[in-house]
Every structure is written in structure tokens, then in C-alpha cells.
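# Kindly generate the corresponding structure for this input.
(chains A, B and C)
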Amino acid sequence: MAKNKDVKTKKPVKNSNFREALHRFSSYRLALVGVVIIFLVALMAIFADIIAPQGPEFIDLEMVRKPPGNGHFLGTDDVGRDVWARVAFGARTSMIVGIGAVSVALSIGITIGLISGFLGKWADTILMRITDGFMSVPGLILIIIFIALVGPSLTSVILVIALATWPTSARVVRGQVLAIREQEFITAARVIGVRTPAILKNHILPNLLGPLSVVATFGIAGAILTEAGLSFLGLGVRPPTSSWGQMVNLAQQSQIMLAEPWIYVPSGVMIVVTVLAVNFIGDGLRKAVDPKSVR
Amino acid sequence: MNKPLLEVSNLQVEFNSRQGKVTAVRGLTYTINEGQSMALVGESGSGKSVSALALLGLLPKKTAKITAGSVKFRGEELIGAPEKTMRKLRGGSIAMIFQDPLSSLNPVLTISQQIVEQIKAHEKMEGKKAEERAIELLDMVGIPSARERVKQYPHQLSGGMRQRAMIAMALSASPSLLLADEPTTALDVTIQAQILELLTNIQKDLGMSLLLITHDLGVVAGFTEKLTVMYAGKAVEQGDTAEVLGNPNHPYTLGLLRSIPRLDRPRTSELKPIQGVAPDMSKVSVGCAFQPRCEYAQSKCATENPLFSTISKDRYAACWYPQDHALQNESLSK
Amino acid sequence: MTNNEPVLIVENLSVHFPIGSGLVRKAKGYVKAVNSVSFVINQGETLGLVGESGSGKTTIGRAIVRVNDPHEGSILLDGHELVGLSPKEMRPLRRKVQMVFQDPYSSLDPRQTVRQILVEPLVTHNLPLKNAQGEDRVDELLNLVGLDPAFASRYPHQFSGGQRQRIGIARALAVEPDLIICDEPISALDVSIQAQVVNLLESLKKRLGIAYLFIAHDLAVVRHISDRVAVMYLGGIVELTSSTELYENPRHPYTRALLSAVPVPDSVVEKARKRIILQGDIPSPTNMPSGCAFHTRCPLRTMLGNPEICSTERPELKIYPSKKDDHQVACHFADESS
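Numbering: from 1, shown residues only, chains lettered A, B, ... in the order given. Presented below is the predicted three-dimensional model:
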């Protein structure tokens, strides 16, 4: 039979699906900028102990509300803690919350979305009504009630953000599963006799990874922002643990707001830059995953 | 009637993609006279549809470029013509119908609204009169109870009816050239027969010229006077439809005709496929593009590109070793 | 080639799909996709199933591999009844019947390599990954369908449509089935590639003795590949006979119209032909015409002065004696048409 010489001559490319996706991702410049920024923020979070050895909780009573200089290159806050150290450790808090909340939300979302989308019928109807129920409660009310019950802490912030955001990922997963399920390769697997768990693991999940990575990235950005907001309101991470939101919260004192900007501006800038960067990455991933969206 | 209406010569179209330049059309030449019908036949990727978009000025501006050639309509050059001229031409003197009528019709407007819009775009006519004209057109394309049907939305019509509605829209400005890109490919055989019959009658009645783009050699046979076969972006064979199908000169045309099972011939035990696959259009080919798949290829074919030239009276082919096979003699005719 | 041991016996098969049913709602009605269809496929035989869209031909194929659930009737595969089996009971029988799909793009998982695609059926049915000679089964399968085993580590998008279809055929062959349902296997391919795949299917049939249910709308290809052909219209078989007999001597008015509608690439023949152009559209299977499903468009009925029986009584598929082979036709006036 005809063996095709044409194809043989093509240079062997390994996993060029991934390569093409990478190409599309990197053709979006801002996504690369985002990656660099997040890389730096991550380094800051990981090596916070090294780059700010005095720690975020050390109080130097001699040095209260001092502007940058004198061994504190971003100055000190209202109780004499080093602002640079608090920013660096705040990065750690943001990263933990972002990744933690999204992991929990995605685990719930993937489970519910997979069951709902793949099994359909009764399971779908019931699970989606529950999801709708969660989505119809305003997120902020859900969060405030939960925090009031459990009390503010890093763990409760992570849990409450996950609780408020899983329905979105469940919906996305369900939608994707419904689309993938209609593809003929799923029918082919059924005709072969592949069992449902194996279909989910070998066919559905790998094809979900692309769209999920997009959801996850935007989820991280949202979680970081929500944590900052909660901490700003005093519902988030408790002092002395440092958090960017908490630091911005200090601007509520008019003296700090007007005369001592070094206390809150750096963390404010970090929030904006980090969230923007993560969003850029998300945009890049979306382009990478969906070739049709390329401009 | 023998005045040329559309003259395309040495048309070349290039796309810019990430893999580099893809030359989708690499030299296409044909003339359609007034009232004449021509078929442009080729497989997917042969450049047949791209060439049609090119002559209408509908290529995506960012990625595609016409790198050479000329397109003359009634003697007027279209390549490089201002957008205003082209807009007037499209849907006016040159009308189009496409493969998928559902995606070419606007789902939120009724059939009547869409035809009226089309009429008004090219003619000053008041609403009531335009509506009457729309009904008249639908009647002409054989839509039963047209007066009621005009008020319906595209999704309420069957595939065949939608294609009829598309044809009605195309006819609204009394075009002198109808460009039909795979008009029956999405339709069932019995519906295809209806639409082909309709197109034939309309073309004859209105004295319109027709450019039919298709991959189906059967559709071409009873329906067009002239035939141009494309392969890998180039015209490889051209001539009178009956003659080309009965006695193809180019090995590709010959191969295609031999590879398809035919209802007008006795059953054969095995088909004779063309081996291999169509070439990658992002590569520059040296020599004849069909050479790797050609059973008649010789050493010259791999190095020198055959020109599209006269083989006999009114017959053209791009081949160093044109064949002369009367296909009727190959098997017993019924 | 064909011996007369049936591999598949389908009897009175009906497949109906509910419309608008939900958790609490009852179905508003049914799409009667397949109505009481019966046929037999013998070992090593190719039965062609032709019809236009909405004729139910694809639904039949999918019901046999139990992707669709039959409403009633019986499907006997090598003597085993498939209707009513649970997915678990069905699994071992899937080794006997496989399917090749129309769309070579969506029928292969884009995230799997060719090797993963071909290993899946073997693993699912606990089959050895090496054959008796110690040769790798994936290599063997790729050789069988005319692909270079070196391609096994590639992904589907690196192949052309025709090559993808070969991979799909190799996947179906992996479990060594007795019957393969070919659902429009070449209609998505380019004309010059179609013949390659048709020839491959024929040579596999000769070498491995597989039977095919070849579902297609292209009458010329069906004639070429099939031993017998069943013509479908709106969920029912209207005519069933040997390929030669059907094309030389069609008896159902729908078959005649269908055959006359196929254009052939010969201008002389085309211009001399008298085409039977059917009026109107195919009715919707949600709203089946009474009596004979074809009576709304039937030129023979018009010619005979619209006899009442056509619109009141559904014609059964009856055997008519013929010169060559048994000829089954579902028409009250099958005798008149010849």
C-alpha cells in the first residue's frame, strides 16, 4: 500500500501541539512581561527571609514612621516595622492565598463539573442547581458570614475564597466537558469499550488542561485581589502576619494617607502590578489554548 | 455572445502565516465569455476558492496579498481597484452563492428583509416595490408559496430552500456573472439535482455567465461549457468540459477520473487511486507539483516547471508529457 | 468470499429519540429515526446502506454498537442478543464489532499519540501488546493500514486526512472484529484520497475476512464496495438486493430517482440522461407522512393517479423474484415500476 513519502520527509517534531501553543503564548508580548513579573514576585515570596532578614514582625520602637533611608530602604510603618520586609512577606501571603484558594476551588469545580458534564441527566440537573444556588448569593455576603463564623485567618481566607469561586470553575469545566463529550473520539472510546473512569482520565482531563489553565490564572488574580480587599476591611489575614491589603488599610489614618505615603504605596503598587501580570498571563494562555483567537 | 466578460491571467496569491509564506494560488489563467459557464475544479487546498475571493477583493487584507497577475471584468482591471468600485461590483454585476447558506444568511432577519436590503443596496426602489420584487425572485427560484415564505427566518427553511433563497438574493441585482462556490456540496443528492436544474435554467434564461467552483467532476459534466482543473494552486488543464472529461490531457485529471467509481460504467474490481498526498503549499516546488504522484513522470518533470500551454485547439495543459486517452475506450460502455 | 453464516441479524429494529424531555417534563414527541428495520450481514460480506440525510442510516450503525439505545427490535451479533445488554455485558462483545468514523479529525483524540490511540483497545480488552511472532502489535497494525510504524510517536494533527482515516481503521482492527461499521468513512476526504481508503478497506476484507456495514450517501462508491445494498428513506429500508441487481434494475421509485440524480463525469451521458427530479423536501422524521413514507414525493404515485393505499398503508419489504438475485422492495406498486 501507499506509504507516504511526503510525510516521512517532514522533520520530526515532538509534541508540537505544545510547541505551537507556546509559540502563540509568547507571541503575546504582555504575557511574557507578566511571566517575568510573576517570576520576580515569586522569588520575593520564596526568599523573603533572605532579602529581608529582620523579618516583618520585628518592631523597632526607635524607628516609627520613618521615611526611606537609615537602613530601612522603604522606611518603617506606624509601629516601627520595616516596610520592605512587610512587602516581601506580603508577597508570600498573596502567593499562598492565590494558589491555595484556586487549588481548592478547582478541585471542587473539576469534580462537580466532570460529574455533571459527563454523567448528565439527574446528576447534572441537581449539581448545577446547587452551583446556581451558590452563584446567586453575593460573594461578599457569603465571605462576611463565613469569616464571622470561623474568624479571620490565612486558612479561613483561602477557604472562603474557594467557597465563593468554585461555582465558576465548575461551570467552565461542565461546559468544556459537554463540548469534548460530543467529539467523535469519545464515541470511539465507548465503542472500543473503554470504561467511564478511563475515558475521564485519558480523554476528558487531558483535553481540559488548556481551558483550565486559563481559569486557574484568572482565579489566582481574583484571589489575590479578594485577599487584599478582605485584609483591607480587617476580615482577612490577622496581624502580625503581613499582607498587602492590610498595609494599604493603614492609609485610612489621615496622617499616613497624607504625609507618610511610603507606608502604603509600595504594597498598593505590588497589588496592582501582580494582578495585572497574572491577568496578562491569563490572556496569553487563552490565546495559546484557542488558536482561533490569534489576532 | 463571445465577448470576454472575465479575464484572469497568471493570478498569484500569497498568504503570510507563522510557518512562513504560503503561495496558495501560483498561476491561474482563464477567460469567461458573456453567457458562458465555466467550472473551476480542484481538491481542498488547490486554491480554487482563494482565487475566487481574490477576484472579488475579499481576501483578508492583513494576511493575504495578490503578488502577480491581472483580473479584468469587462476590460476593467479589478486588482488594485478602489474598495468603492469593488463594493458596487459585488452583489451587483458579480453575485455570489456559497456552500453553506445557513451561515451566509443573517439569522435574525427574515428572507424578505435580506433580499430587500440587497435590492436597495444596488438600486433605488421604494420599500413596497422592493418587497414585490423579492417575492417575484423567490417565485422564480421555485420556492412554493413565496408570498408566505418571505416572512420566514432562515432557520425555518430547509437546506434546499435556503440555497434557493440565496440564489434569489444573488439574482436581485440582475448580475452578469454568478459565482457559485460549492453550491450543492452541503445538500442531499435529490436536492442537489433540483438546485442544479434551477441554476442551469436561470443561467440560460438570463444569459448570465457562471463560474462554478466544485470538487465534484460529476456536477461539472452536464452543467458547464468550459472546465479548468486546478492542482496545488495552478491551472493544470483547461478546455471544453465534454472534451476534457472524455479525453483528459493532464495526468492529474486522468488520475481523478480513473480513481472515482462511476455509475455510468460497469463495476470494476479495484479502483485506481492517485498515490500519495497533495503537496505542502508552504514549500516552493521545483518542477511540476504533481510529479511526485504522477505515473507518467520523467526526469525532466522533477526539475523543470511545465508551462500552461496549448495542447490542441482550445485545449491547454501544464504538462511535459500530455496524455491522449479517450476514456470511453477504457472500459465497455453500457 | 461470502459464506452464508450470518454475523449480524437485525430484526424489526426501531430507534426513537424523545424530543423536549427533561427532568420533570415528559417527552413531547419522538423523532422516529429508524422504524422496524430488518437485515442480515453474512461473514466477510459488505452490506451498503445508502440514503440521504435524515434517513436513519447512521442511527442504525450507532445502534449496533450501542451508542444509541434501540427502542425495540433485536440485534444478533454472532448469535448474541445486543439489545438490552448493560454496558458491562456489552463490553466483551465489542471485540466483535468496531466502527470507523466519518470525521478523521474529531474521531482521534488530539492529545494522544498514534501509539496511545492504538494501545487503548488492546489494554481495554486485555489483549497482548505483541503478536504470536513477537512483533509489536502497534507496528503490525500500522503496517496493515499502510502507514510507517515510525509514525507511532506522532500526534494526529501531524497527519493528512487520509492518513488519519488509516489510523482510525487501524484502531478498529486492533481488537480483530468480525464486523466493522463504516460510517461515511470517505466522505470527508479529498477525491484523490478516497480511492486509496476504499482500496485499503477492500484489501483488508479480503485478507482478514471482515464484514462491513458500509454507510454512505455516495451511490457510486456504495455500488463499488458492496455485495448487497439497502436503500433507506425516512427511517425505513425501501429496497434491498445485490449491488449488481439494484443498480441494473432498481424497482423502488425512490431508488430510481436517487440513481438518476447522481451526476456522472461524462458530458455526453449527462446531456442525454433523463433525470427524475423529485419535488419538495424530505419530510421531517418528527412528523412522518402516513402510509408509505415516500408518498408525498413519489413520481410513480402521481403517474398512477394517486392511489389511496399509498397514503394509508405502510408497504412491507417484500421479496420480488428477479432474474439474478432476491430483490426486496417496500412499495405497493413495485411491479408497475419495471
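
# who's in contact with the nearest residue to residue C:257 once chain neighbours are set aside?
Beyond its immediate neighbours in the sequence, the residue positioned closest to residue C:257 (Cβ to Cβ, 6 or more residues apart in numbering or on different chains) is residue C:276, lying 4.4 Å away. The C-beta positions use only the backbone N, C-alpha and C, and glycine is treated the same way. With contacts defined as Cβ atoms under 8 Å, 6 or more residues apart in numbering or on different chains, the neighbours of residue C:276 are C:256, C:257, C:260, C:261, C:299.

# cutoff 7 Å now
By Cβ atoms under 7 Å, 6 or more residues apart in numbering or on different chains, the contact list for residue C:276 reads C:256, C:257, C:260, C:299.

# hey, where'd the helices end up in the stretch 151-295 of chain A?
Secondary structure of the stretch 151-295 of chain A (DSSP state H, counting those that start in this stretch): helices located at A:154-181, A:184-192, A:196-199, A:205-233, A:244-249, A:254-259, A:265-289.

# Just want the angle from the fourth one to helix A:265-289.
Using axes from the mean of the first three to the mean of the last three Cα atoms, to 10 degrees, the inter-axis angle of helix A:205-233 relative to helix A:265-289 is 160 degrees.

# And the pLDDT at residue 280?
Picking chain A for this. Reading off the per-residue confidence, residue A:280 sits at a pLDDT of 91.

# wrong one, I was asking about chain C
Each residue has a pLDDT score; the one for residue C:280 is 80.

# Equivalent analysis for residue B:289, please.
Model confidence at residue B:289, expressed as pLDDT, equals 90.

# try residue B:52
Per the predicted model, pLDDT is 91 at residue B:52.

# before we move on, what about residue B:93?
90.

# got the contact list for it?
Under the criterion of Cβ under 7 Å, 6+ apart, the contact partners of residue B:93 comprise B:175, B:176, B:177.

# separation between it and residue B:116?
In this structure, residue B:93 and residue B:116 are 20 Å apart, going by Cβ to Cβ, to the nearest Å.

# hey, where'd the strands end up in chain B?
B:4-17, B:20-26, B:30-33, B:37-41, B:64-73, B:76-77, B:94-97, B:177-181, B:209-214, B:226-231, B:234-240, B:309-312, B:315-317 (DSSP state E).

# what packs against the strand or helix carrying residue A:92?
Taking DSSP states H and E as the definition, one finds residue A:92 inside helix A:83-119. Based on contacts counted as 3 or more Cβ pairs under 7 Å, 6 or more residues apart in numbering or on different chains; DSSP states H and E, the elements that helix A:83-119 packs against are helix A:29-46, helix A:48-51, helix A:121-136, helix A:154-181, helix A:205-233, helix A:244-249, helix A:265-289.

# If you count neighbours, what's buried in it?
By neighbour count, and taking 16 or more other Cβ atoms under 10 Å in any protein chain shown as the criterion, the buried residues in helix A:83-119 are A:83-102, A:104-106, A:108-110, A:112-118.

# closest to chain B out of the helices of the stretch 151-295 of chain A?
Closest to chain B of these, according to Cβ to the nearest Cβ: helix A:265-289, at 12.8 Å.

# Please point out which parts of the closest one sit buried.
A:266-268, A:270-271, A:274-275, A:277-289.

# same thing with stretch B:62-75?
Of the residues in stretch B:62-75, those scored as buried under the neighbour-count criterion (16+ other Cβ under 10 Å) are B:64, B:66, B:69, B:71, B:72, B:73.

# Mind checking the pLDDT average for that stretch?
What stretch B:62-75 shows for mean pLDDT is 90.

# Not counting its own residues, what contacts that stretch?
Surrounding stretch B:62-75, the residues in contact under the criterion Cβ under 7 Å, 6+ apart are B:5-16, B:54-55, B:77-79, B:89.

# Reformat the helices and strands packed on helix A:83-119 as TSV; add distance to chain B.
Shown next, in TSV, are those (distance: least, Cβ to the nearest Cβ, whole Å):
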stretch	distance to chain B
helix A:29-46	16
helix A:48-51	41
helix A:121-136	27
helix A:154-181	19
helix A:205-233	19
helix A:244-249	39
helix A:265-289	13
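
# which bits of chain C sit near chain B?
Among all residues of chain C, those adjacent to chain B (criterion: Cβ under 7 Å from any Cβ of the partner chain) are C:52-53, C:160, C:162, C:190-192, C:195-196, C:198-199, C:217, C:219-221, C:223-224, C:244, C:247, C:257-259, C:261-271, C:275, C:277-278, C:281.

# What pLDDT is listed against residue A:14?
Reported pLDDT for residue A:14: 43.

# Tell me how many other residues crowd residue B:243.
As a burial measure, residue B:243 scores 17 neighbours (other Cβ atoms under 10 Å in any protein chain shown).

# ugh, wrong one, residue C:89
When counting by other Cβ under 10 Å, one arrives at 11 neighbours for residue C:89.

# rewinding a little: PyMOL command for the buried members of the residues of chain C next to chain B?
A single PyMOL command is used to select the members of the residues of chain C next to chain B judged buried by 16+ other Cβ under 10 Å:
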select buried, chain C and resi 52+160+162+190+191+192+195+196+198+199+217+219+220+221+223+224+244+247+257+258+259+261+262+263+264+265+266+267+269+270+275+278+281
